[in-house]
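Participant: have a look at this fold, sequence not included:
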């Protein structure tokens, strides 16, 4: 059996909140989108678990018992477990109202209290994305099942992934953290239901760089002293946020990067080889042209101070992906120091990424930025990206292994 994580993990405290339990079904399955999700979920479970009649079924993370009740109505002998007694209380009432004999117990997916191969089928819906140790949970699900394990997990483009990341950050930092995101479509509706989240919807697509300009402006207007930017594709762990924010808060650095290269995180996380080669080449070229010593320029995990964000000429930057590269070049141009921490990463087959053509455009954009930086340093060439009046003392970049 795998060990249980700390009860401080948000997946325990959030779902133990009586208000969460009371409004759970309405918030998750209310409205046309929620009904569509509920119906597709029910169809998938029924199809994969078939035949259901007389089978022993364990519903892990049963919550308010929605899936358990569906399976019991189809003739299954169902047991539901959940760490939240508040959720289970609602599940018991709903099962009783439906005249169904379902056993509901307090239980943890990280350490199930059942013997090996105790159930014909194990169902686990919308749990792993919230688990502190999803691999340990998966081991437990397989251990207690004799026939099949039915589970789901959001793709990198799923609105559900936003909910998981947002709750992890909010629980860890409470009122001290405000995630600023620019979202669209179904993700906007989901984001508006999350506590302590400011949502801004652009009337049209303003591009990757344009989104960041909006996010930084909103964060500064709301009084943020430190702003963390992390790509929402789950390549980067949010556990480094305290370290990165601490380095900025200490005054040592105005910018801190989570580097996938330091410590070998990119290789261990299975970064595609062609991306790794391109990353190393472009970073080497940038270091030569700009005069820096960063391990990588292309991470999607960055922390900035308020002072830096208010001084960088961000409006002069591209609205496309090269915005990130221009922002770091401007930081170095102005003499601000950049720190780096080693960051583990992981790549999934459905992870969000730009296609090859856009990658090539991004690469040439990075080289163009580096060349322009050098020309502005050595020649009378001037550019709004690198205003002469903003230069400060010579910068030093430092690595901070974590």
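Facilitator: Received, thanks. These numbers were taken from a predicted model, which means no experiment stands behind them.
Participant: just give me the neighbour total for residue 143.
Facilitator: 17 (other Cβ atoms under 10 Å). From N, CA and C alone the C-beta is placed, and that goes for glycine too.
Participant: correction: the previous question concerned residue 360.
Facilitator: Residue 360, neighbours per other Cβ under 10 Å, totals 12.
Participant: distance check, it against residue 61.
Facilitator: Residue 360 sits 43 Å away from residue 61, taking Cβ to Cβ, to the nearest Å as the criterion.
Participant: check residue 229 too.
Facilitator: Taken as Cβ to Cβ, the span from residue 229 to residue 61 is 31 Å.
Participant: how about the contacts made by the closest residue to residue 61 other than its chain neighbours?
Facilitator: Excluding its sequence neighbours, the residue lying closest to residue 61 (Cβ to Cβ, 6 or more residues apart in numbering) is residue 127, at 3.5 Å. Residues in contact with residue 127 (Cβ atoms under 8 Å, 6 or more residues apart in numbering) are 60, 61, 109, 137, 151.
Participant: switch the cut-off to 7 Å
Facilitator: For residue 127, the contact set (Cβ atoms under 7 Å, 6 or more residues apart in numbering) comprises 60, 61, 109.
Participant: ok so, going back, neighbour count winner among residue 229 and residue 61?
Facilitator: Counted by other Cβ under 10 Å, residue 229 and residue 61 do not tie: residue 61 has more neighbours, with 26 against 18.
Participant: how long is stretch 262-281 from one end to the other?
Facilitator: Start-to-end span of stretch 262-281 (Cα to Cα, to the nearest Å) is 15 Å.
Participant: and it, how far from the chain's centre?
Facilitator: 20 Å (Cα atoms, centre = their mean, to the nearest Å).
Participant: could you measure from the nearest residue to residue 323 once chain neighbours are set aside over to residue 118?
Facilitator: Nearest non-adjacent residue to residue 323, counting by Cβ to Cβ, 6+ apart: residue 209, 2.8 Å away. Taking Cβ to Cβ as the measure, residue 209 and residue 118 are separated by 53 Å.
Participant: for residue 259, same thing?
Facilitator: Noted for residue 259: a distance of 45 Å to residue 118, by Cβ to Cβ.
Participant: ok so, going back, quick one, which of residue 209 and residue 118 is more surrounded?
Facilitator: Set residue 209 next to residue 118 and count neighbours by other Cβ under 10 Å: residue 209 wins out with 19 against 16.
Participant: who's in contact with that one?
Facilitator: 317, 318, 319, 320, 323.
Participant: name the SS class of it, please.
Facilitator: Under the three-state scheme (DSSP: H, G, I helix; E, B strand; the rest coil), residue 209 adopts helix.
Participant: let me know how buried residue 148 is, in neighbour terms.
Facilitator: Neighbours of residue 148 (other Cβ under 10 Å): 15.
Participant: residues contacting it?
Facilitator: Counted by Cβ under 7 Å, 6+ apart, residue 148 has contacts 48, 121.
Participant: got the phi/psi numbers for it?
Facilitator: Torsion angles at residue 148 (phi, psi; degrees, to the nearest 10) stand at phi -150, psi 150.
Participant: local confidence estimate at it?
Facilitator: What the model reports for residue 148 is a pLDDT of 88.
Participant: same thing with residue 144?
Facilitator: Looking at residue 144, its pLDDT is 94.
Participant: neighbours of it, how many?
Facilitator: Neighbour count of residue 144, defined by other Cβ under 10 Å: 19.
Participant: what's the answer for residue 77, then?
Facilitator: 17.
Participant: try residue 80
Facilitator: Using other Cβ under 10 Å, residue 80 has 30 neighbouring residues.
Participant: from residue 92, how far off is it?
Facilitator: 9 Å.
Participant: any common contacting residues for the two?
Facilitator: With Cβ under 7 Å, 6+ apart as the test, residue 80 and residue 92 both reach residue 104.
Participant: for residue 191, which non-adjacent residue is spatially closest?
Facilitator: residue 199 is the one closest to residue 191 (Cβ to Cβ, 6+ apart), at 4.8 Å.
Participant: just the element for that neighbour, please.
Facilitator: In this structure, residue 199 sits in strand 198-200 according to DSSP states H and E.
Participant: the strands in the protein, which residues?
Facilitator: 56-60, 77-82, 103-106, 119-124, 145-151, 180-182, 198-200, 226-230, 255-259, 301-305, 338-342, 397-399 (DSSP state E).
Participant: mind splitting this protein into its structural domains?
Facilitator: Domain assignment for the chain by automatic domain parsing gives 10-151, 161-399.
Participant: averaged pLDDT, the last one. What do you get?
Facilitator: Same thing as domain 161-399. pLDDT averaged over domain 161-399 gives 83.
Participant: run the chain-centre distance for it.
Facilitator: 15 Å.
Participant: same deal with stretch 121-129?
Facilitator: In terms of Cα atoms, centre = their mean, the centre of stretch 121-129 is found 19 Å from the chain centre.
Participant: ok so, going back, strand partners (parallel or antiparallel) of the strand holding residue 199?
Facilitator: According to DSSP bridges, strand 198-200 forms sheet pairs with strand 180-182 (parallel).
Participant: what residues are up against residue 317?
Facilitator: Per Cβ under 7 Å, 6+ apart, neighbours of residue 317: 209, 323, 326, 327, 385.
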